[in-house]
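Asks: All I have is the shape, not the residue letters:
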């Protein structure tokens with residue numbers, strides 16, 4: 001990484017003084033899609049393409065040490081191994097060891113906070129419905145919440161580091177549970193902000209959710225229920241009366257408005273989207289945001305803006321499609337010169353996440369130094 005490792009960059013005073021929604025984190029798209037995949041799932045791959053999906057060249061541990069703090073994971077179920085896999089049309093690698101790398105890093109870098117975005121890999125469903133059917137069944141199970149198998153895997157890996165309602169409730173009353181200072185999150189040890197299907201995960205099981213202020217019955221795969229306007233949620237039960245309900249954060253993804261197979265077009269669209277975040281969210285309101293409600297100001301709950309700084313291969317209309325490494329690195333170079341230029345900090349520091357393919361150390365460095373308020 002040419003001496004560009006930043007394993008403790010969030011310890012900087014300027015970063016610790018930022019609020020969660022005022023952060024702009026370096027991220028990776030398809031974070032677990034690197035190297036040789038998990039061939040132990042080959043019996044599930046009969047008759048399918050041998051193409052191994054890839055969108056990164058560094059392991060998750062190396063990404064973390066480089067300074068990446070936001071991770072994108074598509075998951076599917078291995079019905080032979082009986083465990084969750086990182087997947088991208090085909091099973092890539094078991095999820096648990098990858099999460100263990102993140103946990104081990106956080107155990108030694110005590111002031112760092114990460115964001116994990118997880119979602120179903122519908123590409124795997126196309127090949128064999130069994131890769132997703134067990135996870136979809138949780139949406140109809142009255143004893144579980146959507147995504148509970150993954151939530152429990154996350155709990156095994158991160159334990160009390162997960163920023164659930166219980167953990168966030170330890171943040172001082174003088175701060176905000178929904179938009180806390182990074183220093184408050186670190187003191188409360190709420191250092192893994194986790195999203196499932198776009199909605200922030202505030203409770204992990206049906207039992208825990210029933211005791212979480214503001215929780216309502218799951219809605220269209222969203223575990224915390226139908227999104228509501230700020231201030232509308234009520235205590236879940238008598239046992240939660242007097243506790244402050246919160247509205248889970250919601251990811252607003254740029255891809256629909258920024259994707260292209262031309263690097264210059266991606267750069268231009270990213271700039272336009274980053275300048276007009278509210279406008280973009282109004283054009284394409286995410287499912288986890290209450291329909292028809294006014295979009296909040298940027299850097300205010302509940303919208304957390306995820307910029308897809310990636311190329312989409314020619315002819316593809318799928319968010320999941322990944323470009324080859326040469327093309328992705330060409331885009332990264334153009335982004336370095338134009339989007340991450342010395343006069344563009346006010347633009348690229350708009351979104352909360354800047355997710356890249358084949359993460360480039362110099363781009364991470366630009367984002368880190370901007371968060372630390374270092375002069376260009």
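Replies: Structure received. It should be emphasised that the depicted structure is a prediction, and the values quoted were computed from it without experimental measurement. Numbers count the residues shown, from 1 in each chain.

Asks: For the nearest residue to residue 147 once chain neighbours are set aside, which residues are in contact?
Replies: Counting by C-beta to C-beta, 6 or more residues apart in numbering, residue 147 lies nearest to residue 196, which is 4.2 Å off, once chain neighbours are set aside. From N, CA and C alone the C-beta is placed, and that goes for glycine too. With contact set as C-beta atoms under 8 Å, 6 or more residues apart in numbering, residue 196 has these partners: 118, 119, 146, 147, 150, 151, 223.

Asks: Please list only the buried members of these.
Replies: With neighbours counted by 16 or more other C-beta atoms under 10 Å, these contain buried members at 118, 119, 146, 147, 150, 151, 223.

Asks: what secondary structure does the second one sit in?
Replies: Three-state secondary structure (criterion: DSSP: H, G, I helix; E, B strand; the rest coil) places residue 119 in strand.

Asks: go on, the fifth one?
Replies: Secondary structure assignment for residue 150 (three-state DSSP): helix.

Asks: pretty sure it is in contact with residue 135, am I right?
Replies: Yes. With contact defined as C-beta atoms under 8 Å, residue 150 counts as touching residue 135 (7.5 Å).

Asks: which neighbours do those two share?
Replies: With contacts defined as C-beta under 8 Å, 6+ apart, the residues shared by residue 150 and residue 135 are residue 75.

Asks: Name the spans of the chain whose pLDDT lies under the cut-off.
Replies: Judged by pLDDT under 70, the chain has its weakly predicted residues at 1-2, 37-51, 237-241.

Asks: So for it, the centremost residue is which one?
Replies: Nearest to the geometric centre of the chain sits residue 117, at 2.6 Å (C-alpha atoms, centre = their mean).

Asks: ok but residue 304 is inside a strand, no?
Replies: Yes. Under three-state DSSP, residue 304 falls within a strand.

Asks: bridging residues for it?
Replies: On the basis of DSSP bridges, residue 304 is bridged to residue 251.

Asks: about what we covered before: give the bridge partners for the residue nearest to residue 147, please.
Replies: Beta-bridge partners of residue 196, counted by DSSP bridges, are residue 118, residue 199.

Asks: From residue 250, how far off is it?
Replies: According to C-beta to C-beta, to the nearest Å, residue 196 and residue 250 sit 12 Å apart.

Asks: Residue 169 reaches residue 177, doesn't it?
Replies: Yes. Contact between residue 169 and residue 177 holds when scored by C-beta under 8 Å: they sit 6.7 Å apart.
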